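S.K.: Would you be able to build a 3D model of this:
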Amino acid sequence: MSVTNFNTDLFRDLTFDLLSDISHGSTKFDELTQTYLNKIHERIDGDELRKYTREIYEKILSLQIVQTNPRAQLKDLMHGNIVLVYFWTFSDIKVSHTIHKVIGIDRRYSNAGVTVICVHSPKYEHEKNKANIKHDIEERSLPFTVVNDSGRLVWKHVGCQLWPTVLVFGPDSLPIYIFEGENHVQHLERFLVPVLAHYKSSLCPILNNSLATTNSSEDVATIKAASKVKDFRYPSHICVTSNKLLYISFAGSNQLVLCDIDGKVIDIIGNGNVGMADGDINQAEFDSPHGLVEFNSCIYIADTNNHSIRV
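M.R.: Prediction:
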């Protein structure tokens with residue numbers, strides 16, 4: 001646990017008071033969260049709050065990096081952004097129930113100034129191994145920075161009690177929320193929106209400008225086409241249709257592949273992003289598609305993490 005005057009127990013108390021107020025006045029959610037954020041900024045011990053955050057950041061920076069965010073170095077992500085520190089372990093079922101929510105937040109808000117740092121804090125011995133963590137990262141298609149807290153250094157420093165736990169920090173290094181357990185993390189996005197509005201003028205997001213340097217529409221089209229030709233990961237199901245075509249679902253790539261009986265690829269269904277978007281085959285998004293079946297000339301897809309049957 002933190003050795004500063006402001007510690008995780010006080011952090012829990014702040015968040016608990018907000019949740020308690022909301023439970024008694026849910027129609028005043030916006031008003032209550034704004035009042036809460038104002039109180040955080042008006043605290044006379046603001047330096048102690050920032051010291052609490054800095055100590056956590058310093059310990060995270062000392063950990064083994066398993067995957068880096070392609071936009072920036074880890075230390076740069078901690079400045080000018082709203083930072084979500086997500087404590088997880090890949091064998092925990094409650095993590096499996098919530099991590100797609102965090103992926104969705106990253107996808108929707110990373111260009112707006114939200115960054116996610118995943119701290120893998122193992123429950124079992126085999127989860128300390130970097131290769132095993134990387135395997136799970138690939139299977140889940142995690143897009144953000146992941147560090148390996150194999151000795152649970154940060155976990156113990158913070159005083160975490162269960163998986164998943166999320167800490168939310170402002171761009172000014174003030175601690176905003178601590179959410180512990182599946183039920184609270186499920187509602188993380190709702191609480192994040194007013195924080196984005198509150199800090200809008202002070203955010204310095206690291207934008208994804210991967211297409212910004214292209215010189216023509218032809219260049220952009222080439223890049224988009226190339227981005228679709230990717231490694232297919234974790235095949236999960238095969239459906240042989242009545243006209244002898246194969247549909248293969250890839251849970252790790254969030255795509256379906258249509259090919260002939262000889263294995264020649266005819267088409268790729270889905271853009272590979274984690275999501276739940278309908279549309280043509282280039283726009284559709286899945287989240288770990290698995291089972292497939294043909295019925296009345298349609299393919300039905302078990303879109304596992306979206307808890308949906310897609311057609």
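S.K.: and the next element down the chain from the helix or strand hosting residue 146?
M.R.: According to DSSP states H and E, residue 146 maps onto strand 145-148. Note on strand 145-148: by DSSP H and E, the next helix or strand toward the C-terminus is helix 153-158.
S.K.: by contact count, what packs against that next one?
M.R.: Other helices and strands packing on helix 153-158, by 3 or more C-beta pairs under 8 Å, 6 or more residues apart in numbering; DSSP states H and E, are helix 46-61, strand 82-88. Yep, even glycine has a C-beta here, placed from its N, CA and C like the rest.
S.K.: ok, and what's touching that helix?
M.R.: 1-2, 8, 55-56, 59-60, 62-63, 87, 119, 121, 149, 165, 167 (C-beta atoms under 8 Å, 6 or more residues apart in numbering).
S.K.: Then stretch 264-274?
M.R.: 100, 103-104, 107, 141, 143, 227-228, 230, 245, 253-260, 281-287, 289, 305.
S.K.: Okay, buried residues for that stretch please.
M.R.: 268, 269, 270, 271, 272, 273, 274 (16 or more other C-beta atoms under 10 Å).
S.K.: What of stretch 14-29?
M.R.: Buried, per 16+ other C-beta under 10 Å, within stretch 14-29: 14, 15, 18, 19, 21, 22.
S.K.: What of stretch 277-293?
M.R.: Quick answer for stretch 277-293 (16+ other C-beta under 10 Å): 284, 285, 286, 287, 288, 289, 290, 292.
S.K.: Next, please give the residue ranges for the helices of the chain.
M.R.: 8-24, 29-42, 46-61, 74-77, 93-109, 130-140, 153-158, 182-186, 188-198, 217-228 (DSSP state H).
S.K.: The first one packs against which elements?
M.R.: Helices and strands in packing contact with helix 8-24 are listed as helix 29-42, strand 175-180; criterion 3+ C-beta pairs under 8 Å, 6+ apart.
S.K.: ok and the last one relative to strand 82-88, angle-wise?
M.R.: In this case it means strand 175-180. Interaxial angle of strand 175-180 relative to strand 82-88 (axes from the mean of the first three to the mean of the last three C-alpha atoms, to 10 degrees): 20 degrees.
S.K.: chain center to strand 175-180, what's the gap?
M.R.: How far strand 175-180 lies from its chain's middle: 16 Å, per C-alpha atoms, centre = their mean, to the nearest Å.
S.K.: Partner strands of it, with direction?
M.R.: Strand 175-180 pairs in its sheet with strand 165-169 (antiparallel), by DSSP bridges.
S.K.: hey, which of the helices and strands packed on helix 153-158 is tucked in deepest?
M.R.: Among those, ranked by average contacts under mean count of other C-beta atoms under 10 Å, first place goes to strand 82-88 (a mean of 24).
S.K.: Check which helices and strands that strand sits against.
M.R.: Using 3+ C-beta pairs under 8 Å, 6+ apart as the contact criterion, the elements in contact with strand 82-88 are helix 93-109, strand 114-120, helix 153-158, strand 165-169, helix 188-198.
S.K.: Over stretch 11-28, what's the mean pLDDT, rounded is fine.
M.R.: If you average the pLDDT over stretch 11-28, you get 91.
S.K.: What are the contacting residues of it?
M.R.: Residues outside stretch 11-28 that contact it (C-beta under 8 Å, 6+ apart): 29, 32-33, 36, 40, 52, 167, 175, 177-180, 184.
S.K.: which stretches of the stretch 151-300 of the chain aren't confidently modelled?
M.R.: Applying pLDDT under 70 to the stretch 151-300 of the chain flags residues 207-230.
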